[in-house]
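# return atomic coordinates for the entry below.
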Amino acid sequence: AGLGGRSLIFNGHTDVVPAGDVANWQHPPFAATVADGRVYGRGSVDMKGGLCCALAAARAIQVAGVQLRGRLMIESVGGEEDGGIGTLAAVLRGYRADGAVIMEPTELRIAPAQAGALNFRVTVPGLSAHGCVREEGVSAIEKFFPVYTALMALERERNANAASGLYARYALPYAICIGTVRAGTWASSVAESLECEGRYGIAIGEDIPAAQRQLEQAVAAAAAADPWLRDHPPVVEWWGGRFEPAAIATDHPIAATVAGAFADAGGTPQLEGMTYGADMRLLVNVGNTPTVMFGPGDVRVAHRPDEFVPLDDLLAATRTLALTALRFCGHGLDD
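Prediction:
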């Protein structure tokens with residue numbers, strides 16, 4: 001439509017992370033299995049379930065014959081899991097609005113803020129030697145320990161006073177996670193190199209280059225305290241996913257509209273920041289579109305075996321999104 005009302009975007013991504021070892025799944029990862037009041041399958045909660053809620057809400061408005069005053073757009077995008085190329089493409093093509101909802105799994109909480117996350121890589125050098133005279137070499141695995149300890153200390157420091165306000169229930173809203181470690185080339189050779197990769201949580205409003213320097217300095221300080229690493233310093237690289245943080249005012253009309261709609265759909269509205277990176281920051285920071293995240297299910301079961309979304313959450317989200325569209329965009333029944 002487009003009769004003078006506010007415009008609204010419902011945004012959701014269709015890409016999913018790998019299923020991993022299928023033997024760890026009770027239900028097949030690539031079939032939607034309905035059981036125990038849930039829909040199981042990879043992508044059910046992250047976030048095909050939420051995207052289907054938006055489609056069902058728009059369909060309900062259409063079938064009811066209600067004419068929206070403003071334009072309702074549904075963005076079904078790819079590439080969110082590794083950086084957001086789909087949403088960025090939509091923004092750069094000019095798709096912007098007076099408000100947006102991303103149906104990420106927020107446990108039906110309204111999220112006016114999302115933390116950021118950067119991918120990093122640290123390469124720790126060692127010195128190879130035959131395993132039978134290992135003391136003549138330097139194990140990069142052993143030299144990783146002080147680096148890892150420094151990163152965990154940095155995590156504690158960065159989160160010491162962070163658990164408040166929108167992040168009150170999180171002990172580590174800006175977590176540092178080492179996700180992969182690779183070292184050595186042969187069982188009876190001292191490992192001459194170790195490479196670890198991780199994600200670095202970024203706070204709302206934080207200066208990103210300054211945050212990057214903080215991690216680099218933590219690694220450098222650990223190296224300076226070790227005789228080997230002092231002369232053979234680890235290398236820090238920034239690669240892959242780069243999710244800047246984003247936030248809007250907690251009383252912005254899109255947040256207030258979703259909260260009111262959820263209340264009238266039978267829920268108890270709660271505002272909370274999300275600790276993970278998502279496409280919200282592209283809509284807000286690049287597209288100047290005020291955005292909240294709101295959707296069915298719990299992110300804690302995403303990226304895991306037997307990922308699922310509760311049927312009750314799907315119904316509550318669909319009702320809330322339909323009411324949100326009617327109230328935010330306005331409709332002909334106002335006459």
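
# show me what stretch 239-249 is in contact with.
The set of residues external to stretch 239-249 that reach it, using Cβ atoms under 8 Å, 6 or more residues apart in numbering, is 82-84, 112-121, 197, 199, 202-206, 208, 254-255, 273, 277-278, 280-281, 283-285, 290-292. The way it works is simple: take the backbone N, C-alpha and C, and place the C-beta from them, glycine included.

# tell me which of those fall in helices.
Using DSSP state H, Ile208, Ile254, Ala255, Met280, Arg281 are the members of these that sit in helices.

# hang on, the earlier thing: buried ones among the contacts of stretch 239-249?
Among the contacts of stretch 239-249, those buried by neighbour count (16 or more other Cβ atoms under 10 Å) are 83-84, 112-120, 197, 199, 202-204, 206, 254-255, 273, 277-278, 280-281, 283-284, 290-292.

# so of these, which ones are in strands?
Among the buried ones among the contacts of stretch 239-249, the members found in strands (DSSP state E) are Ala113, Gln114, Gly116, Ala117, Leu118, Asn119, Phe120, Glu197, Arg199, Ile202, Thr291, Val292.

# the second one bridge partners, please.
It refers to Gln114. With DSSP bridges as the criterion, Gln114 is bridged to Ala246, Met274.

# swap in the fifth one?
Applying DSSP bridges to Leu118 yields these beta-bridge partners: Tyr200, Arg242.

# pretty sure it contacts Pro209?
No. Contact criterion Cβ atoms under 8 Å: Leu118 and Pro209 do not qualify, at 10.7 Å.

# and for Gly240, the neighbour number?
For Gly240, the neighbour count with other Cβ atoms under 10 Å is 13.

# and if you look at Leu315?
With other Cβ under 10 Å as criterion, Leu315 counts 15.

# report the secondary structure state of it.
At Leu315 the chain is in helix, as set by DSSP: H, G, I helix; E, B strand; the rest coil.

# and what of Val181?
Quick answer, by three-state DSSP: Val181 is strand.

# and the nearest residue to Ala261 once chain neighbours are set aside, what is it in contact with?
Excluding its sequence neighbours, the residue lying closest to Ala261 (Cβ to Cβ, 6 or more residues apart in numbering) is Leu323, at 3.7 Å. Leu323 sits next to Gly260, Ala261, Asp264, Ala265 when contact means Cβ under 8 Å, 6+ apart.

# ok, and the most crowded of those?
In terms of neighbour count, Ala261 stands highest of the contacts of Leu323 at 24 neighbours, by other Cβ under 10 Å.

# you'd agree that residue is up against Thr320?
Yes. If you go by Cβ under 8 Å, Ala261 and Thr320 touch, sitting 4.7 Å apart.

# pull the distance from stretch 70-85 to the chain's centre.
Its chain's average C-alpha position is 14 Å from that of stretch 70-85, according to Cα atoms, centre = their mean, to the nearest Å.

# could you tell me the end-to-end distance of that stretch?
27 Å (Cα to Cα, to the nearest Å).

# stretch 270-281 now?
So stretch 270-281: terminal residues 21 Å apart, Cα to Cα.

# so for it, mean pLDDT?
Stretch 270-281 carries an average pLDDT of 95.

# swap in stretch 326-334?
So the average pLDDT for stretch 326-334 ends up being 88.

# equivalent analysis for stretch 290-309, please.
Per-residue scores along stretch 290-309 average to 97.

# buried set for it?
290-299, 301-302, 305-309.

# likewise stretch 309-326?
309-310, 313-314, 316-326.

# looking at these, spot the one nearest Ala54.
Leu321 (5.6 Å; Cβ to Cβ).

# all set now, cheers.
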